[in-house]
Structures are given as C-alpha cells and as structure tokens.
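Chemist: coords please:
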Amino acid sequence: MPNDLALLPSAEWPYVQILVRLALSLALGLLIGLERERRGKEAGLRTFGFVSLLGALGGSLGHDFALLVLALVGLLAVLLNVQTLRANQGTELTTSAAMLVTCLAGILCGLGHTVSPAAVMVIATALLAWKERLAGFSTGLTEGELRSALLLAILALVIYPALPTGAVGPWGLIEPRAAWIAVILIATIGSVNYILWKLYGSRGTELSGFLGGLVNSNFTVIELSTRLRAGSEAGLETAYRGIVLATGAMLLRNAGVLMILAPIALVGSLPAFALMTAVAAALVLWSLRRRQPQAREPGPPALEFDLPFSLPVALRYGAIFLLLHIAGGLTGRQLGNAGFYAVSVAGGFMSSASAVAAAATLAAQGSLPPTVAGKGAILASFTSIAFSLSFVLRARQRALMRRLVVAAVCIAVAGLAGMLVADSAAPVVEHWLSRLGGTPVSE
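Modeler: The predicted structure is shown next:
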C-alpha cells in the first residue's frame, strides 16, 4: 500500500534564498524590538523578532498564508491591549501598530523584497525612538505654524494640478507650473529647515546660525549682528562664526536648488560652490581653534524666526521668481549673457534662492545655456553675501565687520577660482557628457 503522505504536494525552497529572507526579517524585527525592549515594553526584542519571522514565513508560503499571519498578529495585538488594560496600564496602541508594521515588513521580506521593508522598519524605529522629541515639537506647534504647513500642502496638492501646462503669454516666457514648482521647492526647503532649527537650533549660536542660514541668511545676519550690539563684546567671536555658517548654509541651499531644478547647470558651477563652502567651513574651524578652552564664550541670544511659510511669503517668492524669470529671458535674448548676469546680480539683492531658481528653470527649459545659468547662480550668491554685510554695519562693531569683510573676500575669491576651474575643465566635461548621451553644458 503506497504511503498516503507521498501523494501530498510538496515544494523545495532554495536554501540560500530563503535563509537570506529570514535573516533580513529577523534583523529588522530585532531592530525595532530593541527599541521597545529599551523602553521596558511587554512586547520587546524576542516578540518582535518572532513577529517578523512569522511574517517572512507567511510571505514565503503565499498570499493566503500572509493574510492568515497578519490576522494572527492582529489578534496578538488585541490580547496585548487586553492584558495592559486589566493591569490598569492603559492601551499599547503604538506597540500594537509597530507589531503590525513589523509583520507586514516580514511578509515583504518573505516575498523577496529587500530595500522597501528595510526602509519601512528604519522609519518605524525612528518614529518610536524620537517619541519625546516629536511629542515636544507637536505640543509646541503654534496655530500659525500649522496653518503654514496646511497652506504649503494646498499650494502643492490643490493649486499646482490646476495650473496650465506649457508656456503661456505672447513670448512664451512664463510657465506657470515651472514657476509654482520653484515656489513650492523654496518654501519646502525653508519649512524643513525651520523644523530642524526649532528642534536643534537653540543648542548653540553656531548651529542656530547654520540652520537659520538655510531658512533665510539675511534675516540670520540681521538677528546676530543686531543682538550683538545689544549684548556684550564677549559674543563677537560666536557671532562671527554664526554669520559665516549662515553664509555657507546659503551657498549649500542655492546649490541644492540648482541641483534639483537643473542638475546639468550645477556641473559647471559645482567647483565654485564647493570651494566657497569649503572656505566658509575652514574659517569657522580656524575660529574654533583660536577659542580659549578655559573660558566658554557667551553668544548672542537665541534667534527667533517668523513662520517658515505664509501666503505673503508665497506671493513674494512667486513675484520675485516671475520677475527674474521674465527679465532674465528678455535680457538674455536682447543683451546676451551679460544682460542675464546683470539680472542675476540684481536678483541676489531681493532673494538669492528665487534668482537661482529662475536661472535653473531657464536652463531646464532650454532658454539659457546651463553654464550661463550656473554662473548666474554664483553671481546671485555673491550679491547675497555682499548684501548681508550691509546689515552688520548696524552692530557698529569694527572688529566684527573687518573680519567678515575678509571672510567674504576669501569666499568670493574661492568662488572665482572655482569658476576658472570650471571654464578650464568645460571641454572635458562636455566630451564626457556627450559620450554619456547628456546635454552639453554650453552653447
């Protein structure tokens, strides 16, 4: 009589492949379980390891088993909450949600996914580990800041899809969607950096100056120099480092805007931005080395920024962008590159971020050579640095003004050197891009 068990269907799993999937799921489960164990939760290291392994096994067996495993983990989460409620310890909603996420990540591992479950588990662990910081941020969130976030979401998700595509106007110089993308990009960068400044900026004038420079470098310089005038001269060195860091942050932001909107335009301007940022960092490090270790230098009072984004700010960014975009296009057609450079210099006085965004958009549309757009972004950054120095005059600190002028000259010389290096390397870069099938960086 034949063995009935031999008639049942069977499957052979590739040993190495299934082992890798199980190992990845176990590592991800232990990662989030370690955080729960550290906080003394009932479901800790071993529980989350088992949940993730169970999910991986369910995913490997097929979708039906994956759904069954997910239901079992949901039942386990219900039992966990019943137990904590009976012990008068409240509910464990966060841990229960984390268990379900862990199970789903394990299922993805069992199905053969690698990057997506790893990213999900890292994000979930970060949300659990940053509980106090996120809670403090949310409780300290003002109504104005919430309205600012909602306005940004409305501009990005409601207004942008309703805008017409393509160029409009008699000369085809205005592309509403391109302009709106630039406004949203600048506002998003400012909002993210505002959050970072609110979380970490109060820890020191240097860090506050750097994060403030990402939000608004001119306002940061005004605040540091004005408050130094009201305080003692002991904070002069700290104010110097804060202003230089704000300048470096402005350069990083402008290079980032250029990279996002027109990456090819950053190729020719990257040496200048890199050298200018490196010189700013070197100046700050040199100042830190000169600091006396025995005496902790007091700095200016903590900075206080307005809302990162509001309707007037959106309209101002949009108006400046459109003005520079139209002026840059017209002067580029009528006066050539020199006319566009003049517009970029003038734009740096109003908003270097808007000037860089306008240059990048013109390059992306093909209305301007990428090298010209990159040089315009550098010139706008030069103007912004010079414009910021004018605010330091209010502090009436000759020593500070003298050191900042020297720092600005060093940064500008580094930028000019970077432009010369880019011009010398332009033929090589063009040849390299043409071989890769890219767009040439100059006419």
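Chemist: can you name the residues that contact Thr94?
Modeler: By Cβ atoms under 8 Å, 6 or more residues apart in numbering, Thr94 lies in contact with Leu128. Every C-beta, even on glycine, is put in place using the N, C-alpha and C of the backbone.
Chemist: for Val392, same thing?
Modeler: Neighbour list for Val392: Val221, Ser225, Ile243, Leu400, Met401, Leu404 [criterion: Cβ under 8 Å, 6+ apart].
Chemist: buried subset of those residues?
Modeler: Buried members of these, scored by 16 or more other Cβ atoms under 10 Å, are Val221, Ser225, Ile243, Leu400, Leu404.
Chemist: now the contacts of Val392 in a markdown table, please, with extra columns for pLDDT.
Modeler: What follows is those, written out as a markdown table (pLDDT from 0 to 100):
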| residue | pLDDT |
| --- | --- |
| Val221 | 72 |
| Ser225 | 68 |
| Ile243 | 83 |
| Leu400 | 77 |
| Met401 | 81 |
| Leu404 | 85 |
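Chemist: out of those, which one sits closest to Gln17?
Modeler: Distance to Gln17 across the contacts of Val392 (Cβ to Cβ) is lowest for Ile243, with 56.4 Å.
Chemist: hang on, the closest one in a strand?
Modeler: No. Using DSSP: H, G, I helix; E, B strand; the rest coil, the assignment for Ile243 is helix, not a strand.
Chemist: I figured it hits Phe391, correct?
Modeler: No. In this structure, Ile243 is not within contact of Phe391 by Cβ atoms under 8 Å, at 9.4 Å.
Chemist: and Leu80, how far from Thr277?
Modeler: Leu80 is 50 Å from Thr277, where distance means Cβ to Cβ, to the nearest Å.
Chemist: domain-wise, how is this protein divided?
Modeler: Domains of the chain are assigned by automatic domain parsing as 4-129, 142-435.
Chemist: mean pLDDT lowest where, among these?
Modeler: Here the domains of the chain differ in mean pLDDT, and the lowest is domain 142-435 at a mean of 72.
Chemist: quick one, phi psi at Gly366?
Modeler: Backbone torsions of Gly366, given as degrees, to the nearest 10, read phi 80, psi 10.
Chemist: count of neighbours near it?
Modeler: Residues near Gly366, counting by other Cβ atoms under 10 Å, number 9.
Chemist: again with Glu42
Modeler: 13.
Chemist: that one and Ala98: what is the separation?
Modeler: 12 Å.
Chemist: excluding chain neighbours, what is closest to Val122?
Modeler: With sequence-adjacent residues excluded and distances taken as Cβ to Cβ, 6 or more residues apart in numbering, Val122 is closest to Leu31, at 7.6 Å.
Chemist: A helix includes Ile159, no?
Modeler: Yes. Judged by three-state DSSP, Ile159 forms part of a helix.
Chemist: surely it and Leu152 touch.
Modeler: No. In this structure, Ile159 is not within contact of Leu152 by Cβ under 8 Å, at 10.7 Å.
Chemist: tell me which of the two has more neighbours.
Modeler: Between Ile159 and Leu152, counted using other Cβ under 10 Å, the more crowded position is Leu152 (20 against 14).
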